[in-house]
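[1] Generate coordinates for the sequence data below:
(one chain, ligands or ions: 1)
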Amino acid sequence: MGWLAVVGLGPGDAAMQTPQAADVLAAATDLVGYATYLDRVPHRPGQARHGSDNRVELDRARHALDLAAAGARVAVVSSGDPGVFAMASAVFEAIEAGPDAWRSLDVRVVPGISAVFAVAAWLGAPLGSDFCAISLSDNLKPWPLVLRRLTAVAEAGFVVALYNAASQARPWQLGAALEALRPVLPPGTPVVFASAVSRPEEAVTVTTLADADPARADMRTLVLIGTAATRRIERPDGRLWLYAPRSHPAAS
Ligand code: SAH
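    Numbers count the residues shown, from 1 in each chain. Alright, predicted model coming up:
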């Protein structure tokens, strides 16, 4: 009997991948995913790899479902968590629009550590209060909607994790997003550029909304926007911790 598992590989470091993900990857006959993510999975004799570029998620999901329906044990890989701006949604979209037989397939989602959690752990505890995640990519939704959501959650006091903050094809969106936040948040609000966290090229910069330079971000960067309540603890070596206090200043 075939199955399909959508597997989160975590943010990069193999130690941040769950044992459950490793077990499923080892049991699969076929691996499907963006070639860059497949490269993170150790090669196993007899296991087939179906790499693709990052733009054809639905085709990739259908291909994986076809393989599973034909009896293969298929792992579809995503970075981080597969349910966060990643392949799990594409698989369910394909199932909903696809042949009835796909609804009886054994389909599982194997969670992973999403980039925002790796970034938060690096910094301290900036998500300890209310937070949300927004993809800045306007490939799949209109840009005015991105801005509306971003300003609404910033006004409401959420810490915001911006995924897909920038890429070569989307060079101006992050600058426009930061501009939209300037009237809403104090200039000293912490802004973090966290790139390739847990990988060898890791680079993290903590700055403020007033000083944030969008050119620091690329496709490996998560941008975290704090709130007026985000606390900083300076350390003797010049680094700092960021954290969200457990209680809001207005709590009784
Ligand atoms: N499913 C993934 C997110 C995919 S969207 C997850 O849960 O993490 C791709 C975006 O994730 C990137 O543009 C970047 O914003 C973020 N990202 C992924 N890995 C990252 C890492 N190691 N460090 C910083 N940001 C990362």
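[2] mind listing the helices in the stretch 151-252 of the chain by residue range?
    For the stretch 151-252 of the chain, the helices defined by DSSP state H, counting those that start in this stretch cover 173-181.
[3] The stretch 1-150 of the chain too?
    19-27, 35-38, 57-69, 87-97, 115-123, 143-155.
[4] Next, count neighbours for the residue lying closest to residue 52 once chain neighbours are set aside.
    Spatially, and ignoring its direct neighbours in sequence, residue 52 is nearest to residue 60 (5.4 Å; C-beta to C-beta, 6 or more residues apart in numbering). Where C-beta positions appear, they are placed from N, C-alpha and C, glycine not excepted. Residues near residue 60, counting by other C-beta atoms under 10 Å, number 23.
[5] List the residues that contact residue 60.
    Applying C-beta atoms under 8 Å, 6 or more residues apart in numbering, one finds that residue 60 lies in contact with 32-33, 50, 52, 76, 87, 90.
[6] Closest one of these to the ligand?
    residue 87 (8.1 Å; C-beta to the nearest ligand atom).
[7] Would you check how far apart the closest one and residue 62 are?
    Distance, residue 87 to residue 62, by C-beta to C-beta, to the nearest Å: 12 Å.
[8] Compare these two (neighbour count), which wins?
    The neighbour comparison of residue 87 against residue 62 (other C-beta under 10 Å) goes to residue 87, with 26 against 19.
[9] Does the more buried one touch residue 75 like I think?
    No: assessed by C-beta atoms under 8 Å, residue 87 is found out of contact with residue 75, at 10.5 Å.
[10] Quick check: neighbours shared by those two?
    Common neighbours of residue 87 and residue 75 (C-beta under 8 Å, 6+ apart) are residue 6.
[11] Bridged to the residue in the stretch 1-150 of the chain that the ligand sits nearest to, which residues?
    Proximity of the stretch 1-150 of the chain to the ligand (C-beta to the nearest ligand atom) peaks at residue 80, 2.0 Å away. Bridge pairing for residue 80 (DSSP bridges) gives the partners residue 10.
[12] residues near it, how many?
    So residue 80, with other C-beta under 10 Å, has 25 neighbours.
[13] How about the contacts made by it?
    If you count contacts by C-beta under 8 Å, 6+ apart, then residue 80 has 8-11, 86, 112-115 around it.
[14] Next: residue 173.
    Shown in contact with residue 173 (C-beta under 8 Å, 6+ apart): 136-138, 143, 146, 165-166.
[15] Quick check: of these, which has the highest neighbour count?
    Of those, with other C-beta under 10 Å as the count, residue 165 tops at 27 neighbours.
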